[in-house]
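Participant: structure for the following, please:
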Amino acid sequence: MITLSLIGIGTGNVDHVTLAAVRALNAADVVFLPRKGEAKSDLIDLRRVLCGELLESKSTTQVIEFDLPARDSERQYLSAVDEWHNAIASVWAELMNKHLPNGGRVGMLVWGDPSLYDSSLRIAKRLTGSGRAVEVNVVPGITSLQVLTAEHKIPLNALAEPIQITTGRRLRERGWPSDAATVAVMLDSGGAFTTLPQADTYIWWGAYLGMDKQCLIKGLLSEVSDEIIERRAALREMHGWIMDIYLIAKQPLL
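Facilitator: As a prediction, this is how the structure comes out:
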């Protein structure tokens, strides 16, 4: 039997890792760390730092790195993601067979929380659905959305009003959700907010949240939209990758 723990590690800041996550990490026989290429080497570097700081001296946990399969960006999105998830599940299975042939406990460090715009649970489901004896545990983590609101010192929602969490692609395709006063936008390839009315929309934007390179911008879209686009492009050029998220609302949230 394999016990697979999907451990939410927040934004990579060691101060944001919960005690439950630390216990799960130290209870694992092996932790698998994915490499995503040189352009995103910061991501595995942060995972290495977390393991170095959080694994206890008496821990027997092994840390194993592996190359994450790449997604085919030329194919239709959903079919490409489906194939990509199959490939990742196959790699996970091979690693488990190699390093834990007689069963044991596996830890996977997941950015943010495994339940919010992350596919680790879907990939793990492919393992359990294949007939493998895999039990999945989830350790929740602090999300970038929580860090965004904390750093901007705002609540997530306007008083007594609903919110919606969506993606940049959906915002471009469908515009402002009709039943939401506040919208949280994730996985935006850049500038979906420019499709919205600029004069009466507020934005709270953040990149690399919780990291030493964190960047925050807020204000009316009419005043800060161009600044965000320019800063985002410069940061991506500087670091080779970017993680950002933002809240938009029709009124100030305080």
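Participant: just checking, next helix/strand downstream of the helix or strand that contains residue 50?
Facilitator: Per DSSP states H and E, residue 50 falls inside helix 41-54. Downstream of helix 41-54, the first helix or strand assigned by DSSP H and E is strand 62-67.
Participant: any weak-confidence spans in the protein?
Facilitator: Counting by pLDDT under 70, the ranges of the chain that qualify are 38-40, 129-131.
Participant: dead centre of it: give me the residue that sits there.
Facilitator: residue 111 (4.3 Å; CA atoms, centre = their mean).
Participant: in this structure it contacts residue 13, no?
Facilitator: No - contact between residue 111 and residue 13 fails when scored by CB atoms under 8 Å: they sit 11.3 Å apart. For the C-beta atoms, the positions are set from N, CA and C on the backbone; glycine is no exception.
Participant: contacts only, for the closest residue to residue 133 other than its chain neighbours.
Facilitator: Closest residue to residue 133 apart from its sequence neighbours, by CB to CB, 6 or more residues apart in numbering: residue 1 at 4.7 Å. Neighbouring residues of residue 1 by CB atoms under 8 Å, 6 or more residues apart in numbering: 103, 133, 134, 135.
Participant: now stretch 32-49: how far from the chain's centre is it?
Facilitator: Centre-to-centre, stretch 32-49 and its host chain are 13 Å apart (CA atoms, centre = their mean, to the nearest Å).
Participant: hmm, I was thinking of stretch 140-158
Facilitator: Worked out by CA atoms, centre = their mean, stretch 140-158 lies 14 Å from the chain centre.
Participant: equivalent analysis for stretch 169-179, please.
Facilitator: With CA atoms, centre = their mean, you get 21 Å for stretch 169-179.
Participant: what comes up buried for it?
Facilitator: Residues of stretch 169-179 classed as buried by neighbour count (16 or more other CB atoms under 10 Å): 170, 171, 172, 176, 177.
Participant: give me the element residue 80 is part of.
Facilitator: Residue 80 belongs to helix 77-99, assigned by DSSP H and E.
Participant: ignore what I typed, I meant residue 23.
Facilitator: Counting by DSSP H and E, residue 23 is part of helix 19-27.
Participant: can you check residue 246 too?
Facilitator: Judged by DSSP H and E, residue 246 forms part of strand 244-249.
Participant: buried stuff in stretch 197-211?
Facilitator: If you call a residue buried by 16+ other CB under 10 Å, then stretch 197-211 has these buried ones: 198, 201, 202, 203, 204, 205, 206, 207, 208, 209, 210, 211.
Participant: of the residues you listed, which belong to strands?
Facilitator: Using DSSP state E, the subset of the buried residues of stretch 197-211 located in strands is 202, 203, 204, 205, 206, 207.
Participant: what pairs with the closest residue to the second one other than its chain neighbours across the strands?
Facilitator: In other words, residue 203. Closest residue to residue 203 apart from its sequence neighbours, by CB to CB, 6+ apart: residue 248 at 5.1 Å. Per DSSP bridges, the residues bridged to residue 248 are residue 183, residue 203.
Participant: about what we covered before: could you give the angle of the very next helix or strand once past the helix holding residue 80 to helix 19-27?
Facilitator: Remark: after helix 77-99, the chain's next helix or strand is strand 104-110, criterion DSSP H and E. Between strand 104-110 and helix 19-27, the angle comes out at 130 degrees (axes from the mean of the first three to the mean of the last three CA atoms, to 10 degrees).
Participant: what about dumping the CA coordinates of strand 104-110 to CSV?
Facilitator: The C-alpha trace of strand 104-110 is given here as CSV (Å, rounded to 0.1, in the frame of the first residue of the first chain):
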residue,chain,number,x,y,z
GLY,A,104,5.3,3.2,2.1
ARG,A,105,4.6,6.9,2.5
VAL,A,106,5.1,9.5,-0.3
GLY,A,107,5.0,13.2,0.1
MET,A,108,4.4,15.7,-2.7
LEU,A,109,4.8,19.4,-2.0
VAL,A,110,2.0,21.4,-3.7
